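In: Here you go, sequence then predicted model.
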Amino acid sequence: MSDAVQLPSTILRIPRLGSARSLINALIGIAALMGVWWLGGFIVENDPDLYAFSDFAPAPTLERLWEMIVSGEVLTMSGPSLQRVGLGLLFAAAFGVPVGILIGRAPRIHEVTNVPFQFLRMISPLSWMPIAVMAFDTWDGAIVFLIAMAAVWPILFSTAAGVRRIDPAWLKVARNLGAGPLHLLGTVILPAIAVDVMQGIRLALGVAWVVLVPAEYLGVTSGLGFAINDARDTLDYSRLAATVVVIGVIGFALDAAIGQLVKKFNWVRAAAH
Amino acid sequence: MAMTLTLSDSAAQGAQDAPHRRAVPVGAHVAIKGLSHAYRRHDGKVLDGIDFEIKAGEIVALLGRSGCGKSTLLHMLSGLTHPSEGEVVINGNRIHEPSPKWVMMFQAPSLFPWMTVAQNAALGLKFTRRNDQIAKRIPEILELVDLGAFADRNAQELSGGQQQRVALARSLAPKPEMLLLDEPFSALDAFTRRNLQRDVRQIARDLGLTLVLVTHDVGEAVRMADRVIVLKANPGRVFEDTVITLSEEERSGGSDEFQAEHSRLMNIYSQAADAPGEETETPNDFTQI
Ligand SMILES: Nc1ncnc2c1ncn2[C@@H]1O[C@H](COP(=O)(O)OP(=O)(O)O)[C@@H](O)[C@H]1O
Ligand SMILES: [Mg+2]
C-alpha cells in the first residue's frame, strides 16, 4: 500500500550471517589468510637474510599464543587496553550523542559547527599526542583522550544524520498527543536514532582500536601496544606476532558484538514495503 | 465492527463538563471568529474572514478543491498553527497550543515503526501520564477499531487500512473531545476507505465526539458528515454551509436520496471551485506551520 509507514530510505541493511553458504565462504577466507601467513613464514625461513624473523610464522606464533592464553598473559595485556578504549568510547558518546542530536535538530547549530568539526575531524588523532601529553597528568589520561578524539566524530555525525532523517510527522503526532520535550526525546528521537548511534559507535570502535596501539607506544607499561613495543625491543618475535593475532581477534569480536546490537536496534522490517 | 461500547467513563466525564444534546455528549464546541491567515508577508491571504461554529458532537466536513486552505484551517483548529488574525475558541477557551483533547489524523498514519500496535495506541495515555489506564483501555480501544488480534504485532506488518485503524485507536485512546481528520483515507483502496468512513462516523456518533473532516471527495462528505462547509480558494472563504439530512442506511450509498444529495453537493463544490480568486491585503502577523 502506498501509505505504509514512511521510512528513512538510507538505513543500512545488515547482511545475514549464519546461512551455511556464508559460513563456508568465511572459512575459505580464513584459510586463505592462514595460507598467505604460512607462505610468508616459509619464504622468511628459507632466506638467510631474514632467518632471524622466522618466529613470525604461524607455527611458533600459535604455539606462543597458546602459552600466553594459558598463563593468563593475554588477559593481563588486553585488560588495560580494553579499559582505555571503553573509557574513550564512553567520553566520545557522552559528547557525540547529545551534540549530534542538537546539530540534527537545529540547522543553525549545524551551520555554525560544521566547518570547525569537519576541520577537527580531518586531523589525525595521533597528532594530538603532544598536546595530550602536556594536558594530562597520566599517560592513561592522554591515551583515553586520543581515543576519544578519534571516536567522537563518527558518533557525532552518525547521530546527527539519524536525527535529520526523523519523519517530522512523528514529532507532530507526538506533540498533538501531549508529548513534552522529554517525551519527544525519550519516545521519539532516541528510539528513532538508536540504530544510527550504534552504527556510529561501531565505526568509532574501529578507529579507536586502530589508534589504541600507537597510542600505547607512549609511556604506559601495560596494554597491547606496550606489549608489541616490548616484544620488538626484546626481539621476542613469536610473542610479537601472537600479540598481533590477539589484537585482531579482539577487534573482530568487539565489532561483531556491536554489529549484533545494531541489528537489535534496527527497527526497519524488510517486508514492510 | 465491534460496537460494544465499554467506554462509559469517558461519557460520564463529558456529561459533567457540559450538558449537550447527543445521547453520549463528550464532544467539543468550536467557534471560529474572524479568522484570516497568510503564510508570508507579501503573499495574499490563504484564509480570509472565516466565521462559523461547530456544535458539540457534530460531524462537519470541510470540502473544497486542493489548495483552498482546508489543511491550514484544520491546523488552526488543532492549535498546531496560529492564525494571523482572529481566533479559535473551543469550549469557551481561546486555544493557543495543541492538546490531546483534539487530535489530528493525517493521510499517512505515521505510526512509530519500532513499536507494537498496542504501544502505538497507548502513546497518548503515556504522554499525559495515564499509564495506569493503559492495561484496561488499550485492549478495549483496539477491539473497537477491529484490531484486537493485532495488539502485539509490529506496526510495519499491517496493511495501510489497518495502520490507519491503529492511528484511529491512538487518537481515541486518550478520550479526546474532537477528532480532526485531514484526508485520512485518501491513500486507501475504495473498499477499505468505505469501511473506515462508515466505522469512523459510527464511532464518533457513539462516543459523542465532535469530528471535523477535511476532504476534496464529495462522496466522502456525503457519506460521513452531518453538515458540509464548502470552501472556495484565493482567498479561502466559506462558500456555502449546508446540512446533510440522510439517514444512516441512506449514507451507505446507492439510494436515490444519496444520489440527490451527492449531485446537490457536487454542484456547490463545482461552483466554489470555479469562483474567481481576488487580491487580498496581507494581515499583520505571520506564522509558519
Ligand atoms: N507551510 C506553508 N507555507 C507556505 N504556504 C503554505 C504552507 N502550507 C500551505 N500553504 C499554501 O496555502 C494554501 C492552502 O494550502 P492548504 O491549507 O494545504 O490547502 P488544502 O489543504 O485545501 O489543499 C496553498 O496555496 C498552499 O500552497
Ligand atoms: Mg490539504
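Out: Yep, it's here. Ligands and ions are numbered 1, 2, ... in the order given.
In: What parts of chain B come near ligand 1?
Out: B:Y39, B:V46, B:G64, B:S66, B:G67, B:C68, B:G69, B:K70, B:S71, B:T72, B:Q288, B:I289 (CB under 6 Å from any ligand atom). Where C-beta positions appear, they are placed from N, C-alpha and C, glycine not excepted.
In: Turn these into TSV, including neighbour count, pLDDT and secondary structure.
Out: Formatted as TSV, the residues of chain B next to ligand 1 follow (neighbours: other CB atoms under 10 Å in any protein chain shown; pLDDT from 0 to 100; DSSP: H, G, I helix; E, B strand; the rest coil):
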residue	neighbour count	pLDDT	secondary structure
B:Y39	16	88	coil
B:V46	23	89	coil
B:G64	25	91	coil
B:S66	10	88	coil
B:G67	13	87	coil
B:C68	26	90	coil
B:G69	24	90	coil
B:K70	26	92	helix
B:S71	19	92	helix
B:T72	20	92	helix
B:Q288	7	47	coil
B:I289	11	46	coil
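In: Pick out the most distant pair among the residues you listed.
Out: Based on CB to CB, the longest span within these runs between B:G64 and B:Q288 and measures 21.9 Å.
In: is stretch B:214-226 anywhere near chain A?
Out: No: using CB under 8 Å from any CB of the partner chain, stretch B:214-226 stays clear of chain A, coming no nearer than 15.1 Å.
In: so how far is that stretch off the chain centroid?
Out: Distance, stretch centre to chain centre, for stretch B:214-226: 11 Å (CA atoms, centre = their mean, to the nearest Å).
In: B:A272: which of the residues of chain B next to ligand 1 is nearest?
Out: Proximity of these to B:A272 was ranked by CB to CB; the top entry is B:G64 with 6.2 Å.
In: sec struct for the closest residue to that closest one other than its chain neighbours, please.
Out: Distance criterion CB to CB, 6 or more residues apart in numbering or on different chains; nearest residue to B:G64, sequence neighbours excluded, is B:L231 at 3.6 Å. What DSSP: H, G, I helix; E, B strand; the rest coil gives for B:L231 is strand.
In: Next up, the contacts around B:L231.
Out: Going by CB atoms under 8 Å, 6 or more residues apart in numbering or on different chains, B:L231 touches B:L62, B:L63, B:G64, B:C68, B:G69, B:K70, B:L73, B:R237, B:V238, B:F239, B:A272.
In: any idea how far it lies from chain A?
Out: As judged by CB to the nearest CB, to the nearest Å, B:L231 and chain A stand 23 Å apart.
In: Likewise for B:E250?
Out: In this view, B:E250 and chain A are 29 Å apart by CB to the nearest CB.
In: Please name the bridge partners of the residue nearest to B:G64.
Out: Per DSSP bridges, the residues bridged to B:L231 are B:V238.
In: ok, so what distance separates it from B:T72?
Out: Taking CB to CB, to the nearest Å as the measure, B:L231 falls 10 Å from B:T72.
In: Ok, A:L171 next?
Out: A:L171 sits 19 Å away from B:T72, taking CB to CB as the criterion.
In: Would you quantify the distance from the residue found closest to B:S71 once you drop the neighbours it is linked to in the chain to chain A?
Out: Spatially, and ignoring its direct neighbours in sequence, B:S71 is nearest to B:D182 (5.5 Å; CB to CB, 6+ apart). Per CB to the nearest CB, B:D182 is found 11 Å from chain A.
In: Please look at B:V88 and B:I32 and confirm they touch.
Out: Yes: here B:V88 reaches B:I32: they are 5.6 Å apart, a contact under CB atoms under 8 Å.
In: which residues are in contact with both of the two?
Out: B:M76, B:L77.
In: which residues does B:E278 contact?
Out: B:E278 is in contact with B:N234, B:P235, counting by CB under 8 Å, 6+ apart.
In: Ramachandran angles for A:T221?
Out: Main-chain dihedrals, A:T221, degrees, to the nearest 10: phi -120, psi 30.
In: if I look at A:G251, how far off is A:I30?
Out: Distance of A:G251 to A:I30, given as CB to CB: 15 Å.
In: And B:H42, by the same measure?
Out: In terms of CB to CB, B:H42 sits 68 Å off from A:I30.
In: what does A:V211 give?
Out: Distance of A:V211 to A:I30, given as CB to CB: 26 Å.
In: ok, those two, which is more surrounded?
Out: A:V211 (23 against 10; other CB atoms under 10 Å in any protein chain shown).
In: Could you confirm the more buried one falls within a helix?
Out: Yes: A:V211 sits within a helix when classified using three-state DSSP.
In: In this model A:A148 seems to touch it, though I could be wrong.
Out: No: using CB under 8 Å, A:V211 is not in contact with A:A148, being 9.9 Å away.
In: The residues of chain B next to ligand 1 into TSV, with extra columns for distance to B:R198?
Out: Output for the residues of chain B next to ligand 1, formatted as TSV (distance: CB to CB, whole Å):
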residue	distance to B:R198
B:Y39	36
B:V46	32
B:G64	23
B:S66	25
B:G67	29
B:C68	26
B:G69	28
B:K70	22
B:S71	24
B:T72	28
B:Q288	36
B:I289	31
